[in-house]
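Asks: predicted structure and sequence below. I'll ask about it afterward.
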Amino acid sequence: MPASEDKVREPFREDLPSYGVRKADEGWSEQGDDAPLNTAEFGDAIDAVTFGQILEMDDSEDDREFSQSIVFGFFEQAEETFESMDSALEEKDLEKLSSLGHFLKGSSATLGLVKVRDSCEKIQRYGKKENEDGSPEKDEELCLKRITETLESLKTEYEDAEKILKKFYNTTDA
């Protein structure tokens, strides 16, 4: 058997440090003093395993250019989507709100932004005239009210995640 076949790639294990995301007691030494010291600082805003998969695409832990470009591209995309959502809300365009919620849900899920993803899913459902559980909701005004409330929460959740990620990349500017 060739030596290359001797090695079996083990599946990702959350209990082991990987992709520049380390266990809480190990810290992120390569990111400087202002960066989060551990994934606990991600809280429930960012899924460390999912975000770690993005970090895996970087050339090295010292050069996070690729993942940073993805993350900061998302920031721009999110800001533009929020503006579109605000306009669609003024126009009471539930279909467009659903579509925008779906769009941002996918992008945020890719980065592991759990709270952002969940709020986007709610907006998507309300825009389809559904309740959170997917059951039909005929009252369009109620759906619009729920979207208004959820959009406000979404923007706050986004700002929280943005601060964490900018701190991770040791920058305050986009």
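Replies: In hand now; what should we look at? Residues are numbered from 1 along each chain as shown.
Asks: burial measure for E79, as a count.
Replies: E79 is flanked by 14 other residues according to other CB atoms under 10 Å. C-beta here means a position set from N, CA and C on the backbone, and glycine is covered the same way.
Asks: wait, I meant G43
Replies: Neighbours of G43 (other CB under 10 Å): 13.
Asks: so who does it touch?
Replies: G43 makes contact with I164, according to CB atoms under 8 Å, 6 or more residues apart in numbering.
Asks: same thing with P136?
Replies: By CB under 8 Å, 6+ apart, the neighbours of P136 are K129, E130.
Asks: quick one, grab the pLDDT at it.
Replies: On the pLDDT scale, P136 is placed at 98.
Asks: for the closest residue to E41 other than its chain neighbours, give me its contacts.
Replies: Nearest residue to E41, sequence neighbours excluded (CB to CB, 6 or more residues apart in numbering): I164, at 6.6 Å. Shown in contact with I164 (CB under 8 Å, 6+ apart): P36, E41, F42, G43, A45, I46.
Asks: check E137 too.
Replies: Neighbour list for E137: Y126, K129, E130, N131, C143 [criterion: CB under 8 Å, 6+ apart].
Asks: let's see it at 6 Å
Replies: K129, E130, N131, C143 (CB atoms under 6 Å, 6 or more residues apart in numbering).
Asks: host element of the last one?
Replies: If you go by DSSP states H and E, C143 is part of helix 140-168.
Asks: can you read off the backbone torsions of G112?
Replies: phi 90, psi 20 (degrees, to the nearest 10).
Asks: pretty sure it is touching T50, no?
Replies: Yes: in terms of CB atoms under 6 Å, G112 counts as a neighbour of T50; the distance is 3.1 Å.
Asks: which one is the residue most central in space within the chain nearest to, not counting chain neighbours?
Replies: Centroid-nearest residue in the chain, with CA atoms, centre = their mean: L113, separated by 2.3 Å. Spatially, and ignoring its direct neighbours in sequence, L113 is nearest to A161 (4.9 Å; CB to CB, 6+ apart).
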